[in-house]
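> starting from these lines, generate the structure:
(one chain, ligands or ions: 1)
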Amino acid sequence: MIDHIPQRSDLTQRYLYSHDIASPPIISKFFKLADVVMQPENEDDVLRILLYAKEKKIPLIARGSATSGYGGAVPYKGGIVVDFSRMDHFEVDEERKILIAEPGAVWWDIERKLNKLGLSLRVYPTSAPSSTVGGWIGQNGYGVGSLAFGSIAENVEKIRVANFEGIVETRDLRFYAGLHGTTGFVVKAWIKVKDYEDLNAYAFHVDVEEAIKIAYARKHYSALYLTRRYLEMKNMVSGNEIPEKDTLVIVTAEKLDGDEELGEEIWNDRFYPLRIRRAGPGVVAAEVLIDAEKLKAYLNSVEGFGAGTEVWFLKNSLCSVLSFMPVDERDGRSVFKYTFSLKALKEAKKLGGRVYSTGLYFSKESKSFYENFDELLRFKKSIDPENLLNPGKVFPSGSLPIIMGFLEVLS
Ligand SMILES: Cc1cc2nc3c(=O)[nH]c(=O)nc-3n(C[C@H](O)[C@H](O)[C@H](O)COP(=O)(O)OP(=O)(O)OC[C@H]3O[C@@H](n4cnc5c(N)ncnc54)[C@H](O)[C@@H]3O)c2cc1C
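All right, here's what the predicted structure looks like:
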């Protein structure tokens, strides 16, 4: 083992670090436990872990706060979980409006510091109170602000990455962002930020076609759309009647004539998409990316299954659509409801949509998900021929992709 790097190897810690927020019961039986958890404190520690793993041929799994539900941070084949929580330093170049952050820095800590300087993040995930810079770049997601500014990768100026070849500093994120740490670990990122502005949130009760028109009519900061079923499940709208139509919330520096009280209430609750209060003991989520033109058809199909849905409108007429299906785990038949995410994905694919991310559970989608998949595979083989960097993620291997394919056919 490597001395001087904080590490944990007792069974409880190994167990705790072997799950992410989802870890579905049907398939997590196939996962191994982490052999050990290491917590590097700086770039040199990361390089030493890489050297050790290469010598001993041990898998390495990058982990931020494990808030992703795609299994990327799960040690599917065992190995060393590299927990970046101790590398959480960040600073701000105020003149250039650039945030320089280590991978374990938490988004909301950063936003609070930026606000004091009169600045603000352009984009952040709604898991910002706990998720990290490295984890969001590792997954390359969309979030708050993505209507105006796109994905996190579109807002990164450059990154510093550690892998078996040493350190690479690059502005070309193609081989790293969204690859779940399979080609290297982000050890520093330079991220564009913006001037702070007071934002207002306005609610409108409109159908989906009208919502799309309003969301894309002007350059607003954020726009989200909640179905009636979703509002019902969240017990939102302050005890008022659930509105007849679905609800669009526009977040903007402009003054609009929507319902500001409800808009603010929904906006202030944005960090809790999973806090479904009336739905019973649990929920299964399905998340897809779909073109705005096909949104109505997709919403009709997931509503047919009984799900409530939250839509985030993104740049270039794309929508990120997160649906929740209530599940009572005490009911033995509820196991079938876990296939909801696969059923929803099937519907999305029929309409030209795709899964939101790949990670472990959806590695079988990688060929269509990454436009340059063949190039990525060649790169992966050249820098990690033993497949030690987060094996089983993004690049399909083992039996899980076959099992997932089988479940999709059955669902
Ligand atoms: C309530 C809630 C709201 C959410 N909202 C959003 C949202 O708005 N948008 C969105 O995209 N997602 C969202 N998510 C999913 C998830 O929170 C985000 O993807 C988040 O950015 C993951 O960060 P993390 O620190 O938890 O990373 P983890 O879950 O630990 O890791 C995510 C992936 O990145 C890899 N990784 C971690 N660190 C590094 C590193 N240093 N270098 C390379 N790879 C690394 C991991 O191996 C894994 O594959 C949400 C989740 C929850 C629970």
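> up against the ligand, what does the chain have?
Those residues of the chain that sit near the ligand, judged by Cβ under 6 Å from any ligand atom, are 20-21, 61-68, 72-73, 84, 103, 125-127, 131-132, 134-136, 138-139, 141-143, 180-181, 185-186, 273-274, 359, 390, 393. For every residue, glycine as well, the C-beta is placed using N, CA and C.
> quick one: which of those sit in strands?
When the residues of the chain next to the ligand are checked against strands using DSSP state E, the ones located there are 61-63, 185-186.
> what helix or strand is residue 284 on?
For residue 284, the enclosing helix or strand under DSSP states H and E is strand 282-291.
> what's that strand packed up against?
helix 295-304, strand 318-327, helix 340-350, strand 354-355 (3 or more Cβ pairs under 8 Å, 6 or more residues apart in numbering; DSSP states H and E).
> residue 124 contacts residue 145, correct?
Yes - using Cβ atoms under 8 Å, residue 124 and residue 145 qualify as a contacting pair, with a distance of 6.8 Å.
> what residues sit buried inside the strand holding residue 284?
Taking 16 or more other Cβ atoms under 10 Å as the basis for neighbour counts, the residues of strand 282-291 that come out buried are 282-290.
> try stretch 244-260
Judged by neighbour count (16+ other Cβ under 10 Å), stretch 244-260 contains these buried residues: 246-252, 256, 258-259.
> what's the first-to-last distance across that stretch?
Start and end residues of stretch 244-260 are separated by 18 Å (Cα to Cα, to the nearest Å).
> which other residues reach it?
Residues outside stretch 244-260 that contact it (Cβ atoms under 8 Å, 6 or more residues apart in numbering) are 144, 197-208, 210-211, 214-215, 218, 220-228, 231, 262-263, 266-267.
> could you redo the last one with a cut-off of 6 Å?
Outside of stretch 244-260, the residues that reach it under the criterion Cβ atoms under 6 Å, 6 or more residues apart in numbering are 197, 199, 201-207, 211, 220-228, 263, 266.
> need the buried residues of strand 282-291 in a markdown table (columns: pLDDT).
Shown next, in a markdown table, are the buried residues of strand 282-291 (pLDDT from 0 to 100):
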| residue | pLDDT |
| --- | --- |
| 282 | 73 |
| 283 | 79 |
| 284 | 83 |
| 285 | 88 |
| 286 | 93 |
| 287 | 95 |
| 288 | 97 |
| 289 | 97 |
| 290 | 97 |
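> could you break this protein into its assigned domains?
Domains of the chain are assigned by automatic domain parsing as 7-84, 200-355.
> so which of these is nearest residue 94?
Across the domains of the chain, the minimum distance to residue 94, taken as Cβ to Cβ, is reached by domain 200-355, at 20.8 Å.
> on that earlier part again, so which of the buried residues of stretch 244-260 comes closest to the ligand?
Minimum distance to the ligand across those is 13.6 Å, recorded for residue 251 (Cβ to the nearest ligand atom).
> got the contact list for the nearest residue to that closest one once chain neighbours are set aside?
Setting aside the residues directly before and after it, residue 251 is nearest to residue 222 in space (Cβ to Cβ, 6 or more residues apart in numbering), at 4.0 Å. By Cβ under 6 Å, 6+ apart, the residues touching residue 222 are 144-145, 147, 251.
> please pick the buried ones from the residues of the chain next to the ligand.
Among the residues of the chain next to the ligand, those scoring as buried are 20-21, 61-68, 72-73, 84, 103, 125-127, 131-132, 134-136, 138-139, 141-143, 180-181, 185-186, 273, 359, 390, 393 (criterion: 16+ other Cβ under 10 Å).
> in helices only, show me the residues you listed.
In helices, defined here by DSSP state H, the members of those are 134-136, 138-139.
> and which of those is nearest to residue 11?
residue 135 (24.9 Å).
> how near is the closest one to residue 216?
Here the distance between residue 135 and residue 216 works out to 29 Å (Cβ to Cβ, to the nearest Å).
> quick one: pLDDT of the nearest residue to residue 130 once chain neighbours are set aside?
On the basis of Cβ to Cβ, 6+ apart, the spatially nearest residue to residue 130 that is not a chain neighbour turns out to be residue 65, at 4.7 Å. Residue 65 carries a pLDDT value of 97.
> low pLDDT regions in this protein?
1, 23-28, 235-242, 273-281, 328-338 (pLDDT under 70).
> so which elements touch the helix ranked longest in the chain?
Of all the segments of type helix in the chain, defined by DSSP H, the longest one is helix 43-56. Of the remaining helices and strands, those touching helix 43-56 by 3 or more Cβ pairs under 6 Å, 6 or more residues apart in numbering; DSSP states H and E are strand 185-195.
> can you list contacts of the next helix or strand after the strand it packs on?
Per DSSP H and E, the first helix or strand lying C-terminal to strand 185-195 is strand 200-205. Contact partners of strand 200-205, identified using Cβ under 6 Å, 6+ apart, comprise 243, 245, 247-251, 256, 258-260, 262-264, 267.
> in helices only, show me those.
Among the contacts of strand 200-205, DSSP H puts 260, 262-264, 267 in helices.
> hmm, back to that, touching the strand holding residue 284 from outside, list them.
With Cβ under 6 Å, 6+ apart as the test, strand 282-291 has contacts from 276, 298, 317-327, 329, 337-338, 340-341, 344, 348, 353-354, 356.
> try 8 Å this time
Contacts of strand 282-291 from elsewhere in the structure, counted by Cβ under 8 Å, 6+ apart, are 22, 69, 274, 276, 298, 302, 307, 317-329, 337-338, 340-341, 343-345, 348, 351-357.
> now stretch 2-21
Counting contacts by Cβ under 8 Å, 6+ apart, the residues touching stretch 2-21 from outside are 1, 28, 31-41, 45, 48-49, 52, 63, 66-75, 81, 83, 86.
> what's the end-to-end length of that stretch?
29 Å.
> likewise for stretch 360-371?
In stretch 360-371, first residue to last residue: 18 Å (Cα to Cα).
> tell me which residues in it are buried?
Judged by neighbour count (16+ other Cβ under 10 Å), stretch 360-371 contains these buried residues: 360-366, 369-370.
> out of those residues, which are inside helices?
Using DSSP H, 366, 369 are the members of the buried residues of stretch 360-371 that sit in helices.
> between the buried residues of stretch 360-371, which is nearest the ligand?
Where the buried residues of stretch 360-371 are concerned, and distances follow Cβ to the nearest ligand atom, the ligand has its nearest neighbour in residue 360, at 7.9 Å.
> burial count for the residue lying closest to that closest one once chain neighbours are set aside?
Nearest residue to residue 360 in three dimensions, chain neighbours excluded: residue 71, at 2.9 Å (Cβ to Cβ, 6+ apart). For residue 71, the count of nearby residues is 28 (other Cβ atoms under 10 Å).
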